[in-house]
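Asker: after the sequence you'll find the predicted model.
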Amino acid sequence: MQRIFQIDGEETDCWLGHDGSRFVLNTPTGAVACQLDPTGLPGGYKLRAKGVVRELRLAVGPEATFVHTDGRTYEVGRVDPAERLAGSDGGASDDRLVAPMPGVVVSVAVKPGDAVEEGQPLLVIESMKLETTLTAPRDGVVAEMPFAEGDSFGLKDILAQLAPEEE
Amino acid sequence: MTISKLLVANRGEIAARVLRTAKARGLATAVLRHVAEQEGPAHLIADEVVMIDGPTPVAAYLDIPQIVEAAKGIGADAVHPGYGFLSENAGFVAALEKAGVTFVGPTSEVIDLMGDKVRARAFVEERGFPVAPSAIEDDDPASFVERARAVGYPLLIKPSAGGGGKGMRVVREDSTLETEIETARREGERYFGDGRLFVERYIERPRHIEVQVMGDGQGNVVHFWERECSIQRRFQKIIEETPSPALTPEQRDEICETAVGIARAVKYRGAGTVEFIYAQDGAFYFLEMNTRLQVEHPVTEMVTGFDLVAEQLRVAAGDGLSAVQADIPQTGHSIELRICAEDATADFRPAIGNILLLDEPQGEGIRVDSGILDGGKVTTDFDPMLSKLIVHGPDRAQAIARARSAVQSYVILGVTTNTGYLDAILAHPDFASGDVSTGFLAEQSETLTAPGEDVSDLLMAAAALSDERLVSDVMQIPEMYRKMGGWRN
Amino acid sequence: MRRIESQIDTNAADYKANFAAMSERLKEFHARQHAARFERPQRDIDRLARQNKLGVRERLKLLLDPGTPFLEFSTLAACREYDGVVPGAGVVTGIGIVQGREVAIHANDASVKGGAWYPHTVKKVVRLLDVALENRLPVIHICDSAGGFLPLQHGVFPDRYLGGRVFRNQVKLSQANIPQIAVVGGHCTAGGAYVPTLSDYNIIIEGTGAIFLGGPPLVKAATGEEVGVQELGGAVMHTSVSGTGDYRAATEQHAFSLAREIVSQWMRTPKTIIETAAFEEPYYDPKELYGIIPKDRKTQFDMREVLARIVDGSRFHEYQPDYGTTMVCGFAHIWGYKVGILANNGVLFNDSSLKAAHFMQLCNQNRTPLVFFQNITGYMVGREYEERGIAKDGAKMLMAQGGSVVPKFTVIANASYGAGNYGMCGRAWDARTLFMWPQAEIGVMGADQAANTMADVKIRQLQREGKELTEEEIAAIREPVLEKYKRDVEAYTSTSELWDDGILDPADTRNALGMSISASLNAPIDDPHYGIFRL
């Protein structure tokens, strides 16, 4: 029901309602009763809103809707606020990689002092006959790599430690 | 020397445009396609598509051995280079000659000569054609600064090997001359691997006027009248027209004859364009000669009725020119708009995206040379130009009106384009009166990119109502609750 | 269905006087409601801001579908308890719409005594969970409570319908496959820890939410262990180590967005089908109710005029219009839902009781929900009526009403006295929702009657002791009794004690009933069956 629309870099929080007979787009500045009917042309619609009828051509992309009307083309970015929030979970990621189970270090890819990017492999471990590549949880600098190739480690041992993030 | 199979060593709209004429002339046709390239109109027109590969898509189109091999491999007896890429590359011409494949264009010598701005200029000047006061570093590097000073201010520093406006610097005061020279040299080295420079008088508020010529390589040259290309953004043309609103009939004859004279001097073969700088006082100076078909050639075709690609193919096949000068009319007025995937409000930053909906304008006096297909993908692998919209009208005012109506109804959805910007240029009173210079777009940038009427509520309504997931979420709310709205007891 | 022809003259003096009186009452009611919802001591507001927590109303806004109604229950609960410092009993409950679905909401209001559980808090929460059970409504708990209010622990903890009942109901909900989500936006300590842990899903807001059986001070006292809130029961620990928490939310917005997303994962179960019609607004303006309800509660009025301002199109199909006329029975639609309406137009006689009993059986047979509009002073008394068997006819009505399998809804529109309250589906009779109008009264009998009765007992006792009482002395005994009784029968007392689900502005009745009926259809309707009717 809620969308954030982006036009020319400006964001507007809106929600769409329907009162049984018509749709109403609620914007921070007011409610706009509106109706969209196809005209038969590819992507062609008639938009009724704010007391006017406008012919438009419209295409819905994955992240933006493109509208051509009255000789001009516009791009309206669409953000589902829920999806945007979903990216916010967890807050700051951990600085440490903790062993999910006991095992052996197969190989170590970085050393203390190395700058790493999020997702960059740090080391490969073997546990329960499976090799797992452990990657950097965020961009940062490696502070400690306590285990060398061939070392055994126990459950919850720290396998890699990043330097704390600077504020 | 007949041509039976033509390989178009290009892509996009120009490849499609060349292929259409070639097919109409009964030639077998082939075109290149990079392995990672989207399918375009050219690939649907050509009888054969030759896949090429390279470290980057552009690199593949510049890979002379690979393309020569391709031509030989498919048995092509001629190659049309289009514009850009290898169209002005003497090495390519030589390689094709060696392989026994006809190059649709001038000789490598002429390409070489005209490709070197300094030599070309000297050549033209020596033969008495007008060139702007200038100083060439190579003539005597030690006295270059002194000679540059003698040209007078304002002056323009250009890299000898340059093009496309890169590395050019305007100097208005003597105090900055030497530092600007050093900067231009560094830029020349960076862009072209060549730090040699020349300076010329900088023409204030110049117009860009060019003349389409066609020669048979035997010294016979005709012109197809002029084109005005003063509407440029960042030194790149985006609107071209013919006839130029700036020229009187006498000036027109003079400038066209000058162009023919230059082409004749090199026994020009094929289609070429002689570009001039036109000063506000009516003087004009040779700028350079482009030894290929120009992007904006369709406006010439619209007013003359000639198919310039057909003429190129005739000349390349040794059939000579199809017309004498007197047979080449200039009827009505034509305007070309370059439709580019770029954001005019963000310094013309190239835009990318998927073309979700494409609907080209149609109708009398409207021509679209397009390089894109509905459903295609626009990437930054190539030039941002997607297509060209060319209109023809009985006079300039009607051509402008037709161009506006056509560009307004040109629907390209899914990628940002400059259609609205082009329309804003066409709507500008200075454009209507023809009072423009190459600096017009920069001077008027605020007016031209001013936001129009605020329709954001309508746009958001359209975006909301066409968002199926949103609509279905709303309609999942039972009707009673929708009707009650935000009621609270 | 025929439209009720209203006889009301909106220009009449008594209409205008009624309207003015009701408007005055409503002004007071809305002011009290607003205060209960929003007016808090500054220190409580500051504390929430300091804790970086949103207020409960803001949380609801994030949770509910925008542009949809929220039927709030018992906003004025505890308004006559605890010196009025526990507005709403420190908790917000109601039925709201999340992702298009009806859900029951239980949200602690941490701006009231840190969301501590008072006896009335527990009563309100248990009632909400009963509503959820009866109507099979999913529950979303928004947990932010300091725990039981210790000085009153005896009123919170031990009895059958006190604290334990909250958790017992949670178990019963889960057992009945009715999902629950807990959003932990504050501490859930001791018993409170079981709200999220007994929920099918829970979300903990990082930084503010925490769950533990014993908080850090208690742990230190018990074992000497020193441990911080986050390590002991914070979002990170519970979602990654203990598995007590399911989702870790970075912010309040994120938490409620997650809750909404979880709701949208649930299978949509088809609702119980009853007869419906297209919506129609009442033909007569519901606000005219203000002029119809007499300013003097003892003045008789025609319930059909009330119905005409509540039901769809003001249309009413009256059953037995000429028999037992003090009991108005008939069919109508409310928000499209076909309902059977029983409304009092006077005292209940034998015929009106029998008519009501018969009509309720018709509705059960036809799966038509029942709506009661009470304005009842009781069953008729007197020799003639006893001889005619008023007690057994009343029993028939109770048997039919109490044995009804269709959902029932009650509006106490004016008087609700004595056994009439029972026959007309009072609180004890499992109305799915029961609302009162602000001027309505509820009691064993009318105030004067009750005061007289109580005063008489006292007077007779004194007379037996040989005391002769003057008029003044009698009045001195009678007046305080009358005053106290008058206060005790007021709607505000009822709503404070949670004898109802809230006081309604009469003009809101249609929506409140519409939502109640719609919510009730999440539960199936059994086949009709009854006990023994005394014939």
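Answerer: The structure has been received and is ready for your questions.
Asker: wait, A:L85 touches C:T251, no?
Answerer: Yes. Taking contacts as C-beta atoms under 8 Å, A:L85 lies within contact range of C:T251: 7.3 Å. Where you see a C-beta, it was placed from the backbone N, CA and C, and this is true even at glycine.
Asker: if I look at the nearest residue to B:H34 once chain neighbours are set aside, how far off is chain A?
Answerer: In this structure, B:H34 finds its nearest non-sequential neighbour in B:P57, 4.2 Å apart by C-beta to C-beta, 6 or more residues apart in numbering or on different chains. Distance from B:P57 to chain A, counting by C-beta to the nearest C-beta, to the nearest Å: 23 Å.
Asker: top strand in chain B by residue count?
Answerer: strand B:221-233 (DSSP state E).
Asker: for that one, packing partners?
Answerer: strand B:207-216, strand B:236-242, helix B:249-265, helix B:297-304, helix B:440-443 (3 or more C-beta pairs under 8 Å, 6 or more residues apart in numbering or on different chains; DSSP states H and E).
Asker: list the contacts of the last one.
Answerer: Counting contacts by C-beta atoms under 8 Å, 6 or more residues apart in numbering or on different chains, the residues outside helix B:440-443 that touch it are B:S230, B:I231, B:Q232, B:R233, B:I238, B:I425, B:D430, B:F431, B:L448.
Asker: tell me which element C:N18 falls in.
Answerer: C:N18 is part of helix C:13-38 when elements are defined by DSSP states H and E.
Asker: would you mind listing the buried residues in that helix?
Answerer: C:Y15, C:N18, C:F19, C:A21, C:M22, C:R25, C:L26, C:F29, C:R32, C:Q33, C:A36, C:R37 (16 or more other C-beta atoms under 10 Å in any protein chain shown).
Asker: residue in the stretch 201-350 of chain C nearest to chain B?
Answerer: Closest to chain B within the stretch 201-350 of chain C is C:W335: 4.9 Å, counting by C-beta to the nearest C-beta.
Asker: residues near A:P62, how many?
Answerer: 7 (other C-beta atoms under 10 Å in any protein chain shown).
Asker: likewise for C:L504?
Answerer: Quick note: C:L504 (other C-beta under 10 Å) scores 27 neighbours.
Asker: and the pLDDT for it?
Answerer: Residue-level confidence at C:L504 comes out at 98, pLDDT.
Asker: which residues touch it?
Answerer: Counted by C-beta under 8 Å, 6+ apart, C:L504 has contacts B:N489, C:V411, C:F435, C:M436, C:W437, C:P438, C:A512.
Asker: same question for C:V85.
Answerer: Contacts of C:V85 by C-beta under 8 Å, 6+ apart are C:K113.
Asker: is the helix or strand A:R78 falls within anywhere near chain B?
Answerer: If you go by DSSP H and E, A:R78 is part of strand A:72-79. Yes. Counting by C-beta under 8 Å from any C-beta of the partner chain, chain B is contacted by strand A:72-79 at A:R72, A:T73, A:Y74, A:E75, A:V76, A:R78.
Asker: for ChimeraX, what selects the buried ones among those?
Answerer: In ChimeraX, this line selects whichever of the residues of strand A:72-79 next to chain B come out buried by 16+ other C-beta under 10 Å:
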select /A:72,73,74,75,76,78
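Asker: can you show me the CA trace of stretch C:313-329 as CSV?
Answerer: Below are the C-alpha coordinates for stretch C:313-329, written out as CSV (Å, rounded to 0.1, in the frame of the first residue of the first chain):
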residue,chain,number,x,y,z
GLY,C,313,-30.3,2.2,3.5
SER,C,314,-32.3,2.6,6.7
ARG,C,315,-34.1,-0.5,5.4
PHE,C,316,-35.6,-2.9,7.9
HIS,C,317,-37.7,-6.0,7.5
GLU,C,318,-39.7,-6.2,10.7
TYR,C,319,-40.8,-9.5,12.1
GLN,C,320,-44.2,-9.7,13.8
PRO,C,321,-44.6,-5.9,13.7
ASP,C,322,-48.0,-6.1,15.5
TYR,C,323,-47.2,-8.6,18.2
GLY,C,324,-45.2,-8.2,21.4
THR,C,325,-44.6,-4.6,20.3
THR,C,326,-42.2,-3.7,23.1
MET,C,327,-39.7,-6.0,21.4
VAL,C,328,-38.8,-4.8,17.9
CYS,C,329,-37.4,-7.7,15.9
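Asker: what's in contact with that stretch?
Answerer: C:1-4, C:6, C:280-284, C:303-304, C:307-308, C:330-333, C:340-349, C:351-356, C:359, C:362.
Asker: in helices only, show me those residues.
Answerer: Among these, DSSP state H puts C:M303, C:R304, C:L307, C:D351, C:S352, C:S353, C:L354, C:K355, C:A356, C:F359, C:L362 in helices.
Asker: next, give phi and psi for the nearest residue to the third one once chain neighbours are set aside.
Answerer: Think C:L307. Leaving out its chain neighbours, the residue that sits closest to C:L307 by C-beta to C-beta, 6+ apart is C:F316, at 5.6 Å. Main-chain torsions, C:F316, degrees, to the nearest 10: phi -150, psi 130.
Asker: how about C:S494?
Answerer: phi -60, psi -50.
Asker: hang on, the earlier thing: list the contacts of the residue of the stretch 201-350 of chain C closest to chain B.
Answerer: Per C-beta under 8 Å, 6+ apart, neighbours of C:W335: B:M480, C:F279, C:D312, C:R510, C:N511, C:L513, C:G514, C:I517, C:S518.
Asker: quick one: low-confidence residue ranges for the chain.
Answerer: As the question left the chain open, I've gone with chain A. Where chain A drops to pLDDT under 70, the residues are A:87-94, A:166-167.
Asker: nope, chain B please
Answerer: In chain B (pLDDT under 70), the answer is B:1, B:162-165.
Asker: tell me which residue in it sits closest to chain A.
Answerer: B:Q408 (2.9 Å).
Asker: in this structure that residue contacts B:D423, no?
Answerer: Yes. Using C-beta under 8 Å, B:Q408 is in contact with B:D423, at 5.8 Å.
Asker: shared neighbours of those two, which are they?
Answerer: Residues touching both B:Q408 and B:D423 (C-beta under 8 Å, 6+ apart) are A:G71, A:R72.
Asker: quick one: the closest residue to B:A99 other than its chain neighbours from chain C, how far?
Answerer: Nearest residue to B:A99 in three dimensions, chain neighbours excluded: B:V68, at 5.2 Å (C-beta to C-beta, 6+ apart). Counting by C-beta to the nearest C-beta, the gap from B:V68 to chain C is 59 Å.
Asker: for burial, what's the neighbour tally of the closest residue to chain B within chain A?
Answerer: Closest approach between chain A and chain B, counting by C-beta to the nearest C-beta: A:G71, at 2.9 Å. Neighbour count for A:G71, taken as other C-beta under 10 Å: 16.
Asker: mind listing what it touches?
Answerer: A:G71 touches B:R404, B:V407, B:Q408, B:S409, B:G420, B:D423, counting by C-beta under 8 Å, 6+ apart.
Asker: go ahead and confirm B:R121 touches B:A135.
Answerer: No. At 11.0 Å, B:R121 does not count as touching B:A135 under the criterion of C-beta under 8 Å.
Asker: show me the common contact partners of those two, please.
Answerer: B:F198.
Asker: picking up where we left off before, now the helices and strands packed on strand B:221-233 as CSV including mean neighbour count?
Answerer: Converted to CSV, those look like this (neighbours: other C-beta atoms under 10 Å in any protein chain shown):
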stretch, mean neighbour count
strand B:207-216, 25
strand B:236-242, 25
helix B:249-265, 18
helix B:297-304, 25
helix B:440-443, 18
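Asker: compare the ones you listed and give me the one nearest B:D381.
Answerer: strand B:236-242 (17.9 Å; C-beta to C-beta).
Asker: between that closest one and strand B:221-233, how many degrees?
Answerer: 130 degrees (axes from the mean of the first three to the mean of the last three C-alpha atoms, to 10 degrees).
Asker: CA-only coordinates of strand B:236-242 in CSV, if you can.
Answerer: What follows is strand B:236-242, C-alpha atoms only, in CSV (Å, rounded to 0.1, in the frame of the first residue of the first chain):
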residue,chain,number,x,y,z
GLN,B,236,29.1,17.2,-30.0
LYS,B,237,26.3,18.1,-32.5
ILE,B,238,22.8,17.1,-31.5
ILE,B,239,20.7,19.1,-33.9
GLU,B,240,21.6,19.7,-37.5
GLU,B,241,19.7,21.3,-40.3
THR,B,242,19.8,22.4,-43.9
